[in-house]
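Q: Attaching a predicted model along with its sequence, questions to come.
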Amino acid sequence: MGGTGSIYRWALHKPPLASSDLIHLTLSGYRQTAIALLNSLGWMSAPTTAPQASNAGATR
């Protein structure tokens, strides 16, 4: 995804994009990856911030 050793850079990024287990991404890391995928497919233009999930229709 990012080349040799990139998971370390993602884990040391502020805020971290990878968890300390060096396998899984953080929410920010998954969001950044998803946005990059959508942009590469031409499905959305690059936002300056990640879209927030809506609570519309949520029940308790």
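A: Ah, there it is.

Q: From here on, just use CA atoms for contacts and neighbour counts.
A: Noted.

Q: Tell me which helix or strand the residue nearest to residue 38 when sequence neighbours are not counted sits in.
A: Once flanking residues are discounted, residue 38 sits nearest to residue 44: 6.0 Å by C-alpha to C-alpha, 6 or more residues apart in numbering. Using DSSP states H and E, residue 44 sits in no helix or strand.

Q: what about the longest helix along the chain, average pLDDT?
A: The helix that spans the most residues within the chain, counting by DSSP state H, is helix 27-40. The average pLDDT within helix 27-40 is 95.

Q: Now that helix - C-alpha only, PDB.
A: Extracted C-alpha coordinates of helix 27-40, given in PDB (Å, rounded to 0.1, in the frame of the first residue of the first chain):
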ATOM      1  CA  LEU A  27     -10.300   5.000  12.200                       C
ATOM      2  CA  SER A  28      -8.400   7.900  10.600                       C
ATOM      3  CA  GLY A  29      -6.200   5.500   8.600                       C
ATOM      4  CA  TYR A  30      -9.200   3.500   7.300                       C
ATOM      5  CA  ARG A  31     -11.000   6.800   6.400                       C
ATOM      6  CA  GLN A  32      -7.900   8.200   4.600                       C
ATOM      7  CA  THR A  33      -7.500   4.900   2.700                       C
ATOM      8  CA  ALA A  34     -11.200   4.800   1.700                       C
ATOM      9  CA  ILE A  35     -11.100   8.400   0.500                       C
ATOM     10  CA  ALA A  36      -8.000   7.700  -1.600                       C
ATOM     11  CA  LEU A  37      -9.700   4.700  -3.100                       C
ATOM     12  CA  LEU A  38     -12.900   6.700  -3.900                       C
ATOM     13  CA  ASN A  39     -10.800   9.500  -5.400                       C
ATOM     14  CA  SER A  40      -8.800   7.100  -7.600                       C
END
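
Q: Okay, buried residues for that helix please.
A: Under the neighbour-count criterion of 16 or more other C-alpha atoms under 10 Å, helix 27-40 has 29, 32, 35 buried.

Q: re earlier: so what's the residue count around the residue nearest to residue 38?
A: For residue 44, the count of nearby residues is 12 (other C-alpha atoms under 10 Å).
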